[in-house]
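Enquirer: Requesting a structural model of the entry that follows:
(4 chains)
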Protein chains: 2
Amino acid sequence: MDERSDRTLSGLPDTTKAPADAVMLRGIVHVVDDDASLRAALVSLCRSAGLEAVGHVDASELLADSNPSRPACILLDVRLRDQNGLDIQDMFQSSGNDVPIVFLTGYGTIPMTVRAMRKGAVEFLEKPVEDDELLGALIRALEIDAAATTARRDRDVLAGRLSSLTVRERDVLGYAIGGLMNKQIAAELGISEITAKVHKRHMMEKMGARSLADLIRMTSQLGIAPARQR
Amino acid sequence: MDERSDRTLSGLPDTTKAPADAVMLRGIVHVVDDDASLRAALVSLCRSAGLEAVGHVDASELLADSNPSRPACILLDVRLRDQNGLDIQDMFQSSGNDVPIVFLTGYGTIPMTVRAMRKGAVEFLEKPVEDDELLGALIRALEIDAAATTARRDRDVLAGRLSSLTVRERDVLGYAIGGLMNKQIAAELGISEITAKVHKRHMMEKMGARSLADLIRMTSQLGIAPARQR
DNA sequence: GGGACAATTATACGTCCGTATCGGTGACGG
DNA sequence: CCGTCACCGATACGGACGTATAATTGTCCC
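Expert: Got it, this is the predicted structure:
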């Protein structure tokens, strides 16, 4: 059953022209600090500025729960009781979670700053920090993740369609985006041209691609390279 | 069998698999420091490590001469006599020159580090610096620019082909990469399908595109969006 | 055993594409 | 004045494409 009736140019809902989505689904700030009183103060500061916020003693919950459906950012103390904030950043990265991180530290050094920023930290702030400066950084982080979230969601839709392809359909896709003719694709797979056409047709339907141009844009977004070039 | 012996996806020479190119055309380190003795010491340190290096009192020469044909990087002191290294970084960016910068400073702060790193600095080092650390950073910067240089060169070739198109050919390109049929392109331009075919043919030849897939990859590399989507 | 699905092949029809060949207009510069 | 170039148009042909219709085989699972 095909229920992709209302699709846009690339077969995806047009998120770029739907700011309501990003506004309705507001971001959340995860405050990670093992000092209970400071944590509470940071959380309440966020809330007073209209930002949703929750506190965490450590980052284990956040590392386990990678919920990519909602914009989020992390306010992370560099020096925790039993962990290093920079190592936590590494763990997020190696687990493929690119949630924006705002660092906060009492005893920061320039090498630490370099390391954190090089790995994509949004900010690296020193305690004591101005409220406005901190909130500004968090808002910026949330905006970054809001954009990343919509992009990731689009990408997941495409990845889902891709995974719905059969082996043969996936084969044909690889050659089709290389600009090969049906006849060449068939020869490459050792089947008749007619069969290749059938696979191609099914593939285009499943991918929701209206044209070869559409398909190529989708695959390049998914990082798929042609199996062979014409 | 095919004859794709020495061509890549976009019809350009495969620079990614030609390390000889990056090795033969070695990078150059531009040392910018207004302290003559320190500048000389840094230059000789680079040369002792086999890196080509030249010294500059200020960055005006570098800003004026944007020679993108050769890999380079800049070793920049944050505090110069009459200029701020971070402002120089800004000027490079606003002039479209993305040459990698390694900062060196005696009195650095974390906010300065954040600012520099956020704008793409490769490293932010404090004086006194270990020779190995500095050289490592410079080598990394040169490698970054070597990759950027080849990418830019490829891009320039494509941009050159694009600029060789006539107005009509450029129009047709915009619609063709949207997946429109010749008939639709002709209707869009208010001309006959035959004429549209002619323009398309010339366009494909000038762009060096063997297939629509080729063309789309080129245009996406150039940041060209379809004029209309099918 | 039968239903669902993937993979395969075939014939046939209309459309689209690329190309070749021919011709006409207007603008620009040597 | 004439060559060059951009732009426009037409006819025609072979091949490629998309689609519809139909059929066979094998596998997996209930």
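Enquirer: Mind jotting down where the strands sit in chain A?
Expert: Applying DSSP state E to chain A gives strands spanning A:28-32, A:52-56, A:72-77, A:101-105, A:123-126.
Enquirer: And chain A, what are its domain boundaries?
Expert: Domain ranges of chain A: A:19-154, A:164-221, per automatic domain parsing.
Enquirer: May I ask which helix or strand of chain A has the lowest mean pLDDT?
Expert: Within chain A, no helix or strand scores below helix A:19-24, which has a mean of 43 by mean pLDDT, DSSP states H and E.
Enquirer: mind putting the domains of chain A in CSV, distance to B:L215 included?
Expert: For the C-beta atoms, the positions are set from N, CA and C on the backbone; glycine is no exception. Below are the domains of chain A laid out as CSV (distance: least, CB to CB, whole Å):
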stretch, distance to B:L215
domain A:19-154, 24
domain A:164-221, 9
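Enquirer: what's the most buried one of the ones you listed?
Expert: domain A:164-221 (a mean of 19; mean count of other CB atoms under 10 Å in any protein chain shown).
Enquirer: what about that domain, how long is it end to end?
Expert: End-to-end distance for domain A:164-221: 17 Å, by CA to CA, to the nearest Å.
Enquirer: picking up where we left off before, which one of the domains of chain A lies nearest to DNA strand D?
Expert: domain A:164-221 (3.2 Å; CB to the nearest atom of the strand).
Enquirer: Let's have the domains of chain A in a markdown table, adding distance to DNA strand C.
Expert: Below are those laid out as a markdown table (distance: least, CB to the nearest atom of the strand, whole Å):
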| stretch | distance to DNA strand C |
| --- | --- |
| domain A:19-154 | 24 |
| domain A:164-221 | 3 |
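Enquirer: rank these by mean pLDDT and give me the bottom one.
Expert: Between the domains of chain A, the one with the least mean pLDDT is domain A:19-154; it has a mean of 92.
Enquirer: for the strands of chain A, which one sits closest to B:L86?
Expert: Closest to B:L86 of these, according to CB to CB: strand A:123-126, at 15.5 Å.
Enquirer: That closest one close to chain B?
Expert: Yes - for strand A:123-126, a contact with chain B is found by CB under 8 Å from any CB of the partner chain, at A:E123, A:F124, A:E126.
Enquirer: Can you show me the helices along chain A?
Expert: Taking DSSP state H as the criterion, chain A carries its helices at A:19-24, A:36-48, A:60-64, A:85-94, A:110-118, A:131-163, A:167-176, A:182-189, A:193-207, A:212-221.
Enquirer: Let's have the ones you listed in a markdown table, adding distance to B:R210.
Expert: A markdown table is the format used below for those (distance: least, CB to CB, whole Å):
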| stretch | distance to B:R210 |
| --- | --- |
| helix A:19-24 | 40 |
| helix A:36-48 | 55 |
| helix A:60-64 | 47 |
| helix A:85-94 | 39 |
| helix A:110-118 | 40 |
| helix A:131-163 | 25 |
| helix A:167-176 | 14 |
| helix A:182-189 | 12 |
| helix A:193-207 | 19 |
| helix A:212-221 | 14 |
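Enquirer: check contacts around the residue lying closest to A:L212 once chain neighbours are set aside.
Expert: Excluding the flanking residues, the one nearest A:L212 by CB to CB, 6 or more residues apart in numbering or on different chains is B:L212, at 5.8 Å. Counting by CB atoms under 8 Å, 6 or more residues apart in numbering or on different chains, B:L212 makes contact with A:G179, A:L212, A:A213, B:A176, B:I177.
Enquirer: so can I have TSV of those residues showing distance to B:R230?
Expert: Conversion of the contacts of B:L212 to TSV gives the following (distance: CB to CB, whole Å):
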residue	distance to B:R230
A:G179	18
A:L212	10
A:A213	7
B:A176	10
B:I177	10
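Enquirer: State the distance from A:A64 to B:R155.
Expert: In this view, A:A64 and B:R155 are 42 Å apart by CB to CB, to the nearest Å.
Enquirer: Can you tell me which of the contacts of B:L212 is nearest B:G208?
Expert: Closest to B:G208, out of all of these and judged by CB to CB, is A:G179, at 13.2 Å.
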